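Participant: just coords:
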């Protein structure tokens, strides 16, 4: 058995690493970050009332392999999107959803028709999300962002990610494994 020593300057000797199993509940075990500035798939709507419920991937994705199946993952997302309604007097709705690698919806907030726009022709914004997830696995687990767009009134338009009228914008995802 080797003694663990902390000297007056804060240096630790006698300990090369702390095993994940020794971490107290609530401790952050690992952090995975990812970003993209590549334009994502376009979601289009050309018919008023068309729910266009097909989710398309934004291109923002990250994978983490939890140390224990009982641990949780705090997911933090900063997703950029560009909405082009085609005209100034229209209404549209978008949904931005956190999904797993198998396309199962994990969370959308605050509901399926979460963001509604009226009388806005074009707009670039960010959607922020924080979610504490229990993946219940110690195998690799993938998180990704997806979205869909539809018109409520007449007209046509589109929704893109990592795009601002031709200027590339970045989106970010951070995964933090939390000991339980």
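Facilitator: The structure has been received and is ready for your questions. If you're wondering where the values come from, they're calculated on a predicted model, not measured in any experiment.
Participant: so where does the residue nearest the centre of the chain fall, helix or strand?
Facilitator: The residue lying closest to the centre of the chain (C-alpha atoms, centre = their mean) is residue 77, at 3.8 Å. Per DSSP states H and E: residue 77 is located in strand 72-84.
Participant: sheet partners, orientation included, of that strand?
Facilitator: Counting by DSSP bridges, the strands paired with strand 72-84 are strand 122-133 (antiparallel), strand 157-161 (antiparallel), strand 171-178 (antiparallel).
Participant: quick one, helices of the chain?
Facilitator: Ranges of helices in the chain, per DSSP state H: none exist.
Participant: so where's it uncertain?
Facilitator: 1-2, 15-21, 45-53, 85-91, 108-121, 150-156, 164-168 (pLDDT under 70).
Participant: just to revisit the earlier point, just send the strands paired with strand 72-84 back as TSV, with mean neighbour count and distance to residue 93 too.
Facilitator: From N, CA and C alone the C-beta is placed, and that goes for glycine too. Shown next, in TSV, are the strands paired with strand 72-84 (neighbours: other C-beta atoms under 10 Å; distance: least, C-beta to C-beta, whole Å):
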stretch	mean neighbour count	distance to residue 93
strand 122-133	14	13
strand 157-161	24	10
strand 171-178	20	20
